[in-house]
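Participant: Need the 3D shape of this:
(one chain, ligands or ions: 2)
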Amino acid sequence: MRDRFELRELDAGGRIGELQIPRADLTVETPALLPVINPNLVTISPRRLADEFGAELLITNSYIIHSTDSLRERALEEGLHELLDFPGAIMTDSGSFQLSEYGEITVTTEEILEFQRDIGSDIGTPVDIPTPPDVSRKRATEELETTKDRLELAETVDTGDMLVNAPVQGSTYPDLREEAARHADGTSLDVFPVGAVVPLMNDYRYADMVDVIAAAKRGLGADAPVHLFGAGHPMMFALAVAMGCDLFDSAAYALYARDDRYLTVRGTRHLADLEYLPCSCPVCTKYTPDELRALPDDKREEELAAHNLHVTFEEIRRIKQAIRAGNLLELVEHRARAHPTMLDGYRALLDHADLLEHSDPVSKGAFFYTSHESARRPEVLRHHARLERLSVPDSVFLTEGEPSSSGEYDESWNVVPPFGPFPRALSKSYPLTAEVPERTDRAALEAAVEGIARLVEENPDSEFTLGHRGWPEGVLAALPDGLETIDLTADR
Ligand code: GUN
Ligand code: ZN
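Facilitator: Ligands and ions are numbered 1, 2, ... in the order given. This is a model prediction of the structure:
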């Protein structure tokens, strides 16, 4: 029973939640962003993160602190919050990432968890093994066994009221990820990061990232807070939130600034290539691109990092508002246009429409059909599944146009692509109040045909006639045999 995370609002797989962090005596609203602070290399001070950006959480690396004598002593004496001068909650990582980069580290899970506890971390992390994508199944399985052992070990460490992360590994094997998630969910640990996705994001493999998240979500309970470890580019937040991620950490804001790179929700730009600044944050309203370029290195890095953080937090707020308004998938669809690999990510999300359908509210604002991918949204899937439950008279006219006035049929139902058929009485209920373009597309027609086929197959004793507006032969060919069709646009 997990009572520290409460879901407040749902949309697709996305949610607004409240995570209680007892050690910080704080409840934070999710989706939330944790800026990464490298204690040896601070670009924007933690105090400024709190005051100017409203950061309630940050993440830093306890392994770096532990292995730097001066930092270790100060952290043990003054505490982590004092050391960093941050008033909010602090999550600490364990050195696992260093392990994956450099092959070995010098602490055990017990040591580093006790150290995290002793310095006052609010959310600690055991030493999981971040298995990279595409390794052999043997390696992924063996390393997962080690990660599972570490989580079980973490359960036995006296961590006080510090929350503890239970990272989910398993490389790119969906069944291993799902098994890892089910195991993590069965522990007494608190927060569930999906691990080792950084290589996928670095290679723009958003579809694989979505598959990895989906597999983890299938193994986790709906009430498990999910962190996407190492994911800091605002372009993919909406996609990841729609898959059910609640927490993100961003090192990108600082790392990219160091290379003169400027984040936008449509991708990264190099400062050298910008003739205009497409943003209204305090940095972008203060400088022209030339002025930014002319700043001394340190100052330019700081200003770029500040811009990068502004767009990152802005996107989190935009996503939360979209969840409240019930149009998160429209935002995802929009973001998917930023890059073909993002479109792959969105299409992969739609492959998991069954998973999203579980959490997606039955009713929300209005369904907007904004691309042919909209035809595969969970609402369409749900409508098709519901057709089975409708009671159907002996003869039905299914029509994109006006009801038949001939009295030839018992009832006349609406047909609206992509949903397909429904009784007129349902036309005021979500999602059938959808706004769809008048110039429909093949994907919507094909989805409507699937709905019709489902209805006809479920009701072999009823007779159906379809009145359509000029649907192409190829689309009509997928209709069940024997269904009579009338082209309402044909001359008579
Ligand atoms: N940071 C980015 N990825 C990971 C991961 O898989 N595990 C841990 N502990 N930290 C990470
Ligand atoms: Zn800006």
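Participant: how far away is Pro308 from Arg389?
Facilitator: Not quite, residue 308 is Asn, not Pro. According to C-beta to C-beta, to the nearest Å, Asn308 and Arg389 sit 49 Å apart. Backbone N, C-alpha and C define where each C-beta goes, glycine included.
Participant: Equivalent analysis for Pro340, please.
Facilitator: With C-beta to C-beta as the criterion, Pro340 and Arg389 are 39 Å apart.
Participant: where does the protein come near ligand 1, residue by residue?
Facilitator: Proximity of the chain to ligand 1, by C-beta under 6 Å from any ligand atom, involves residues 93-94, 96-97, 125, 128, 130, 167, 195-196, 198, 229-230.
Participant: Looking at those residues, which gets the smallest pLDDT?
Facilitator: Ranked by pLDDT, the residues of the chain next to ligand 1 bottom out at Phe97 (87).
Participant: and the closest residue to that one other than its chain neighbours, what are its phi and psi?
Facilitator: In space, and not counting its chain neighbours, Phe97 is closest to Pro130: 6.5 Å by C-beta to C-beta, 6 or more residues apart in numbering. Per-residue torsions, Pro130: phi -80, psi 90 (degrees, to the nearest 10).
Participant: for Phe464, same thing?
Facilitator: Note on Phe464: backbone dihedrals following degrees, to the nearest 10 are phi -120, psi 140.
Participant: Check whether Arg266 really touches Met235, as I assumed.
Facilitator: Yes - judged on C-beta atoms under 8 Å, Arg266 makes contact with Met235 at a distance of 6.6 Å.
Participant: what touches both of these two?
Facilitator: Here Arg266 and Met235 have Arg335, Ala338, His339 as joint contacts, going by C-beta atoms under 8 Å, 6 or more residues apart in numbering.
Participant: which ones are touching the residue lying closest to the second one once chain neighbours are set aside?
Facilitator: In this case it means Ala338. Spatial nearest neighbour of Ala338, excluding adjacent residues (C-beta to C-beta, 6+ apart): Arg266 at 4.2 Å. If a contact means C-beta under 8 Å, 6+ apart, then Arg266 has Met235, Arg335, Ala338, His339 as its contacts.
Participant: lowest average confidence, helix or strand, in this protein?
Facilitator: Lowest by mean pLDDT, DSSP states H and E among the helices and strands of the chain is helix 96-102, with a mean of 87.
Participant: So Arg386 versus Glu18, what's the distance?
Facilitator: Following C-beta to C-beta, the distance that separates Arg386 from Glu18 is 32 Å.
Participant: Can you name the residue of the stretch 51-200 of the chain nearest ligand 1?
Facilitator: Nearest to ligand 1, among the residues of the stretch 51-200 of the chain, is Gly195, at 2.6 Å (C-beta to the nearest ligand atom).
Participant: doesn't Val168 make contact with that residue?
Facilitator: Yes - the pair Gly195 / Val168 is scored as a contact, 6.1 Å apart, by C-beta under 8 Å.
Participant: So these two - more neighbours on which side?
Facilitator: Val168 (35 against 30; other C-beta atoms under 10 Å).
Participant: From Gln116, how far off is Val164?
Facilitator: Counting by C-beta to C-beta, the gap from Val164 to Gln116 is 9 Å.
Participant: Next, show the common contact partners of these two.
Facilitator: Common contacts of Val164 and Gln116 (C-beta under 8 Å, 6+ apart): Gly124, Thr125.
Participant: more crowded one of the two?
Facilitator: Between Val164 and Gln116, Gln116 has the larger neighbour count (other C-beta under 10 Å), namely 30 against 22.
Participant: Name the residues of stretch 75-85 that are buried.
Facilitator: For stretch 75-85, burial by neighbour count (16 or more other C-beta atoms under 10 Å) applies to Ala75, Leu76, Leu80, His81, Leu83, Leu84.
Participant: for stretch 260-275, same thing?
Facilitator: Residues of stretch 260-275 classed as buried: Asp260, Arg261, Tyr262, Leu263, Thr264, Val265, Arg269, Leu271, Leu274 (neighbour count, 16+ other C-beta under 10 Å).
Participant: I'd like to know how many residues surround the closest residue to the last one other than its chain neighbours.
Facilitator: Translated: Leu274. Distances taken as C-beta to C-beta, 6+ apart place Pro289 nearest to Leu274, at 4.6 Å, with adjacent residues excluded. Pro289 has 16 neighbours, counted by other C-beta under 10 Å.
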